[in-house]
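[1] The following comprises the amino acid sequence and a computationally predicted model.
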Amino acid sequence: MISFSDITGREVFKKKLINAINNNVFPHACLLVGEKGTGKKIFAKAIANALLCEKPINSQPCGSCTHCLSEKVNGITEFYQLRATGQSIKVDDIREIIKSMSLKPTISNKKIYVIYDGEKMTPQAQNSLLKIFEEPPSYGHIIITVNNLEGIIPTVSSRATIYQIGNNSQSEIKKFLKTQSTDDKLITLASHYAEGSIGKAIKILSSEEFITTRELGVSYTESLINRNESDSFAKVESVTKENVDEFLQVVIKLFKDMVVFLETQNELLLINKDKKYMISNGINKYNSSVLLKAIFILQDTVSRLKQHASRKMTLDGMTIRILEELIND
Ligand SMILES: [Zn+2]
């Protein structure tokens with residue numbers, strides 16, 4: 001059974017939730033907001049288990065009450081989970097919840113409804129939630145997970161308590177990854193590339209593709225700093241829709257390493273310690289203002305691609321712009 005102690009880090013946030021549950025003031029409607037892989041599902045389950053347990057010990061499920069022993073008793077559960085079956089969560093799905101919520105719980109003191117990927121609710125479905133938000137039964141709680149608030153209509157978000165899940169720190173991620181792997185080099189890389197998301201870190205750790213993408217990013221960067229035009233275009237040619245984000249992050253982090261190494265000469269601060277030779281080569285050739293311009297162009301490319309610019313044209317354009325800066329130096 002998932003509890004708060006299964007969640008890595010975010011101690012302050014966990015404490016806030018636990019206090020609300022202990023003091024019986026946990027909101028009847030809340031939005032759990034966080035990027036993919038930050039742990040929304042595990043938070044939702046930990047909250048549900050803490051709320052449903054009849055005699056929690058410091059908000060940890062007791063392990064011996066009806067809910068803790070079995071989520072379902074004679075096929076009945078007070079823990080309802082709704083996921084989109086197709087592209088969207090429809091108004092009928094929400095009506096089911098409202099209907100079910102109007103009936104008192106039978107095997108626990110509470111009824112918990114978790115709606116995953118809340119942004120998939122149609123505006124109509126979201127509107128139909130408002131009724132229950134206004135007058136929730138004392139035993140009912142609705143928890144909605146969302147990546148961000150963009151897909152949630154203001155009337156809903158303004159009536160629910162908003163909990164930002166937040167990211168894990170790099171050291172929290174590293175600590176967690178050490179329980180999953182013994183490969184220190186990969187752990188360091190994954191914790192740097194995870195951007196605060198344990199889900200993303202696990203994906204990196206277990207993926208052959210990350211290593212391949214990283215090597216591609218490294219060899220592209222190498223071609224750039226050697227001002228090898230044809231090689232640079234050839235490398236960027238093999239970037240795919242699937243790995244473009246990761247590829248750009250790799251290149252950005254390599255250029256950032258160059259700036260850091262140039263300014264501090266401190267090897268310990270490098271993310272890509274295993275590429276020190278290449279990083280040194282870069283800083284022997286370029287000053288930090290040129291390197292910063294390259295980083296700017298790379299970050300600009302990330303945002304252009306987010307606006308759905310053509311991948312090939314944008315990456316070629318990026319290569320031309322970076323090479324121009326490097327050649328003019
Ligand atoms: Zn219990």
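    Nice, I can see it.

[2] is it true that N287 touches N328?
    No. The criterion here is C-beta atoms under 8 Å, and N287 misses it with N328 at 11.8 Å. C-beta: built from backbone N, CA, C; applies to glycine.

[3] List the buried residues for the strand or helix carrying I97?
    Using DSSP states H and E, I97 falls within helix 91-101. Neighbour-count burial for helix 91-101, counted by 16 or more other C-beta atoms under 10 Å, picks out 91, 93-94, 97, 101.

[4] Nearest residue to the residue of the stretch 101-250 of the chain found nearest the ion in space, please, no chain neighbours.
    Using C-beta to the ion, the single residue of the stretch 101-250 of the chain nearest to the ion is S108, 9.1 Å away. In this structure, S108 finds its nearest non-sequential neighbour in E78, 4.3 Å apart by C-beta to C-beta, 6 or more residues apart in numbering.

[5] How many residues are close by that neighbour?
    24 (other C-beta atoms under 10 Å).

[6] That one touches Y113, doesn't it?
    No. When contacts are counted by C-beta under 8 Å, E78 is not listed as touching Y113 (9.6 Å).

[7] between N287 and N328, who's got more neighbours?
    N287 (11 against 8).

[8] could you list every residue that touches the residue found closest to the more buried one once you drop the neighbours it is linked to in the chain?
    Spatial nearest neighbour of N287, excluding adjacent residues (C-beta to C-beta, 6+ apart): D329 at 7.0 Å. By C-beta atoms under 8 Å, 6 or more residues apart in numbering, the contact list for D329 reads 285-287, 290.

[9] For D329, give its distance to the ion.
    66 Å (C-beta to the ion, to the nearest Å).

[10] If we go by neighbour counts, what in the worst-scoring helix or strand of the chain on mean pLDDT is buried?
    When the helices and strands of the chain are scored by mean pLDDT, DSSP states H and E, helix 66-69 comes last with a mean of 82. Going by neighbour count (16+ other C-beta under 10 Å), the buried part of helix 66-69 is 67-68.

[11] next one: stretch 33-41
    Result for stretch 33-41 [16+ other C-beta under 10 Å]: buried residues 33-35, 37-41.

[12] same thing with stretch 241-252?
    Those would be 243-244, 246-252, for stretch 241-252 by 16+ other C-beta under 10 Å.

[13] Span of stretch 233-245 from start to end?
    Its start and end residues considered, stretch 233-245 measures 17 Å (C-alpha to C-alpha, to the nearest Å).

[14] Give me the contacts around it.
    209, 212-213, 216, 219-220, 223, 247, 302, 305, 311, 315-316, 318-319.
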